[in-house]
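S.K.: pasted the sequence and its predicted model underneath.
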Amino acid sequence: MDLRLTVDLPRDLDRMNTLRHALDGALAGLGVAEQARTDIALIVNETWANVIAHVRVGVAFQVRAIVDEEQCVIEVTHPGEPVADSFNAPIASAHSLRVVQSLADHVDVDDDGLLVKVTKLL
């Protein structure tokens, strides 16, 4: 199984709940334990809340979930203009990053297009 879900922010802000529920359903269908699913839901919450907290008006982002039998990867990307021109603060705040790191198996933070990539092994 290979599942890919993408939500464009801030345009699709109301669809984050849909992403979370669809992702949880897919993970449940794969037999992923409830605790891992809860961790992934919190990772999704922290990543998109962090985007909303740091984004300037008119700047687009995507939150993408990619699931296979072994892992769930959550990516926050910024299609378009360079990240440095878009923010007053880094996308991955220290608090948010600590929360995500405590839940995930691997976290990459970059300031060149791919802003956050979080991997949770299933």
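M.R.: Nice, thanks for sending it over.
S.K.: which strands and helices sit next to the helix or strand encompassing residue 36?
M.R.: Element membership of residue 36, judged by DSSP states H and E, is helix 34-54. Contact here means 3 or more CB pairs under 8 Å, 6 or more residues apart in numbering; DSSP states H and E; on that basis helix 34-54 packs against strand 3-9, helix 16-29, strand 61-67, strand 71-77, helix 94-103, strand 114-121. Every residue, glycine included, has its C-beta placed from N, CA and C.
S.K.: which parts of it are buried?
M.R.: 37, 39-44, 46-48, 50-51, 54 (16 or more other CB atoms under 10 Å).
S.K.: can I get the residues you listed in a markdown table with pLDDT and distance to residue 107?
M.R.: Below are the buried residues of helix 34-54 laid out as a markdown table (pLDDT from 0 to 100; distance: CB to CB, whole Å):
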| residue | pLDDT | distance to residue 107 |
| --- | --- | --- |
| 37 | 95 | 18 |
| 39 | 96 | 13 |
| 40 | 95 | 13 |
| 41 | 93 | 16 |
| 42 | 92 | 13 |
| 43 | 92 | 9 |
| 44 | 89 | 14 |
| 46 | 85 | 11 |
| 47 | 81 | 10 |
| 48 | 76 | 15 |
| 50 | 73 | 12 |
| 51 | 70 | 15 |
| 54 | 65 | 17 |
